[in-house]
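>>> dropping a prediction and its sequence here:
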Amino acid sequence: MIARPSTGDRTLAIATGACIVLVLVMVAAIFGTLISWGGPALSLRFFTAAPTSDLAGGGILPAVLGTAMVTLIMTLAGVPVGVATAVWLVEYAPPGAHTTRIVRSAVRNLAAVPSIVFGLFGLGFFVLFVGRGLDGALGEAVPRFGRPSVLWAGLTLALLTLPVVIVTSEEALRSVPEAAREGALALGATRLQMVWHVVLPQATSGILTGLVLAVSRGAGEVAPLLFTGVANYQPALSVDPTAGFMHLGHHVYVLATQSPDIDATRPRLAATALVLVMLTFALNLIALVLRGRTRRPT
Amino acid sequence: MSTPRRHRVVERLLALVAWSAVIALALIFLFIAREGLPALWHGDVGALFAPRRWPGYDEAAFIWQPVGKPPKLNLVPLLVGSLKVTTLAMVAALPLGVGCAIWVAEIASPRVRAVVKPTIELLAALPSVVVGLFAALVLADVGRRLFGFTYRLNASIAAAGLVLAIVPIIFTVAEDALSSVPQRMREASFALGARRWQTTLFVVVPAAIPGLTAAAVLGFGRAIGETMIILMASGNASVLAPFDPFSSARTMTATIAAELGETVRGGEHWRVLFLLGVLLFVVTSVLNRLGAWATDRLARRLGREVSR
């Protein structure tokens, strides 16, 4: 079909192959650094202790708890909305209509908004507008809702990850064969029964993919948390949704920039980053597996 | 067949919830504009953009020094800082990302592709604090040892970190564009006696140009909005040195992140920081529209074969 590779072919292959190698080397360098610096600091105590007040010792338990809480709130608030939006887009939206186009373009635009802007919004809307409003309505003397908290941070992240949930759920719903829908309708199901009993069950693993990807994205974001509830140091383990919280990603930032002795902090800093990376990568692997299952023809 | 009323209600609700993204977008703009735009009519607008000769200075200058007396809130150093870091990152990331895309789409065997592609995309899942950490601790040391930087953390280090964050985006969009070029265009080119490299550079790449443009635009949008990497690796001094890649840089995003916590609500400084947010929102939205437009053009140019 094609002539033997010429010098030009080889040059192109080497030049573009070098790009690949460079990127892969960088990925390896990041992992290598985190593992070689942080590996030795990983111990059971590291996971079960709170950091000491000077951040020079101790573990990451409060940060793990805070990350879990904020991610849970994000998921509970964001995923139902995202899935519902996707269901409407795939099953109800008139294709090509003006409203459909507006919704789609808003989803794309929302995905492009910088995360720090979500932080500003979370402060301006959730904390100051909704929170202060609630305090006023409930007659709280000291701000209870009108202060940064894990609740507001979670809701901010829910908005940030909404496009991920919508786009992946849409993909999952579209992969359900048209014949399944027609069969349900032919048996006398209403459109909603068809969605609930036929389409959604078949799209479950795809929707779970979206959920997992959203969690992975949300767990790694720090900028939106800065003004909405994250705390530099809060060793007490609390599950109060109106309190501030520690967060793995933010803890990495704090240890990296505010530690008095960076050389002493380095192992625990790298170990914290390693835990965060392992968490997001594990979630992405799960998503990859789930996605593979969706694509398999049923 | 009639639909039960209960179902109608649920369906109405669905249609309402589907506006979530539109509502979210509107609320975001509304609430950052509410805090930020007053800076334009209540504050000294001239001082935001024009150089000023401040007491104690010999000549008019663009200065961002919000805690100085008087506070100097000129946005130009921050705009220049953002543009400088982003442009530096793009200069490296665009060829790198497109190079990777060409290799994966045109050269690699399917089996190698199946491993390499997800690996690069996995890079996109790396939290930006981790990239920032890597840039600030490792790349900064490498940079100082190799080039003898005066400032350990500087614009080029932050840009190098940004490259890691945006290469996966550029790669994904560019690879999509290249793979969507119909096979028959390649075959026609081979039939005319063109080599693979000639086919790639003079047939496939030109056909995918709108998609490659989208890759560049979306990468730029992501880079200009990135916060943590820059906050950790750029040094954050607001010096106005647009053409010195090895000086410190303070970007719009890092400024918001570093300073909002210490401002008084409703004060001038607070408003200006929200104004920066409005600016970022508008710029990234416009870039996103441009990217979408370019992708649509690609789809139209290549005809129906794109719609897989």
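Everything's here; your move.
>>> which residue ranges form the strands in the chain?
Since no chain was named, I'll use chain A. Counting by DSSP state E, one finds no strands in chain A.
>>> hmm, I had chain B in mind actually
For chain B, the strands defined by DSSP E occupy B:64-65, B:72-73.
>>> who are the packing partners of the last one?
Using 3 or more Cβ pairs under 8 Å, 6 or more residues apart in numbering or on different chains; DSSP states H and E, the elements in contact with strand B:72-73 are helix B:45-49, strand B:64-65, helix B:268-301. From N, CA and C alone the C-beta is placed, and that goes for glycine too.
>>> mind doing that once more with 6 Å?
Packing contacts for strand B:72-73, counted by 3 or more Cβ pairs under 6 Å, 6 or more residues apart in numbering or on different chains; DSSP states H and E, involve no helix or strand.
>>> if we can go back for a sec, please identify the deepest-packed of the strands of chain B.
strand B:72-73 (a mean of 21; mean count of other Cβ atoms under 10 Å in any protein chain shown).
>>> what pairs with that strand, parallel or antiparallel?
Here strand B:72-73 has these sheet partners by DSSP bridges: strand B:64-65 (antiparallel).
>>> if we can go back for a sec, format the strands of chain B as a markdown table; extra columns: distance to A:Ala219 and mean pLDDT.
Output for these, formatted as a markdown table (distance: least, Cβ to Cβ, whole Å; pLDDT from 0 to 100):
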| stretch | distance to A:Ala219 | mean pLDDT |
| --- | --- | --- |
| strand B:64-65 | 33 | 82 |
| strand B:72-73 | 35 | 82 |
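>>> how about the ones you listed in CSV, adding distance to B:Trp41?
Below are the strands of chain B laid out as CSV (distance: least, Cβ to Cβ, whole Å):
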stretch, distance to B:Trp41
strand B:64-65, 21
strand B:72-73, 15
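>>> which residues does A:Phe245 contact?
A:66, A:150 (Cβ atoms under 6 Å, 6 or more residues apart in numbering or on different chains).
>>> go ahead and confirm B:Gly143 touches B:Thr150.
No: using Cβ atoms under 6 Å, B:Gly143 is not in contact with B:Thr150, being 11.1 Å away.
>>> quick one, helices of the stretch 1-150 of chain A?
Here the stretch 1-150 of chain A has its helices, by DSSP state H, counting those that start in this stretch, at A:7-38, A:44-48, A:61-87, A:98-112, A:115-121, A:132-138, A:150-174.
>>> poorly predicted segments of the chain, please.
You didn't say which chain, so I picked chain A. The model of chain A has pLDDT under 70 over residues A:1-3, A:293-298.
>>> nope, chain B
B:1-2, B:304-308.
>>> B:Asp244 is nearest to which of the strands of chain B?
When the strands of chain B are compared by Cβ to Cβ, strand B:64-65 sits nearest B:Asp244, at 16.9 Å.
>>> and the contacts of that closest one?
Residues contacting strand B:64-65 (Cβ under 6 Å, 6+ apart): B:72, B:74, B:77-78, B:238.
>>> the residue in the stretch 1-150 of chain A positioned nearest to chain B: neighbouring residues, count only.
For the stretch 1-150 of chain A and chain B, the shortest gap (Cβ to the nearest Cβ) falls at A:Pro114, measuring 2.6 Å. A:Pro114: 25 surrounding residues under other Cβ atoms under 10 Å in any protein chain shown.
>>> so it touches B:Gly225, yeah?
Yes: between A:Pro114 and B:Gly225 a contact is recorded at 2.6 Å, counting by Cβ under 6 Å.
>>> what sits in contact with each of those two?
Joint contacts of A:Pro114 and B:Gly225 (Cβ under 6 Å, 6+ apart) are B:280, B:284.
>>> ok, how many other residues are close to the nearest residue to A:Pro5 once chain neighbours are set aside?
In this structure, A:Pro5 finds its nearest non-sequential neighbour in B:Arg196, 7.1 Å apart by Cβ to Cβ, 6 or more residues apart in numbering or on different chains. Per other Cβ under 10 Å, the neighbour tally for B:Arg196 reads 22.
>>> how far away is B:Arg196 from B:Arg8?
Using Cβ to Cβ, to the nearest Å, B:Arg196 is found at 59 Å from B:Arg8.
>>> now A:Gly96
For A:Gly96, the distance to B:Arg8 - Cβ to Cβ - is 24 Å.
>>> more neighbours: which of those two?
Of the pair A:Gly96 and B:Arg8, B:Arg8 is the one with more neighbours under other Cβ under 10 Å, namely 13 against 7.
>>> contacting residues for that one?
By Cβ under 6 Å, 6+ apart, B:Arg8 lies in contact with nothing.
>>> run through the residues of the stretch 1-150 of chain A sitting next to chain B.
Within the stretch 1-150 of chain A, the positions lying close to chain B (Cβ under 6 Å from any Cβ of the partner chain) are A:2, A:6, A:8-9, A:12-13, A:16-17, A:19-20, A:23, A:26-27, A:30, A:33, A:81, A:84-85, A:88, A:103, A:106-107, A:109-110, A:112, A:114, A:116-117, A:120-121, A:124-125.
>>> weed out the non-buried ones from those residues.
Buried members of these, counted by 16 or more other Cβ atoms under 10 Å in any protein chain shown: A:9, A:12-13, A:16-17, A:19-20, A:23, A:26, A:30, A:33, A:81, A:84-85, A:88, A:103, A:106-107, A:109-110, A:112, A:114, A:116-117, A:120-121, A:124-125.
>>> B:Ile120 reaches B:Phe171, doesn't it?
Yes: using Cβ under 6 Å, B:Ile120 makes contact with B:Phe171 at a distance of 5.3 Å.
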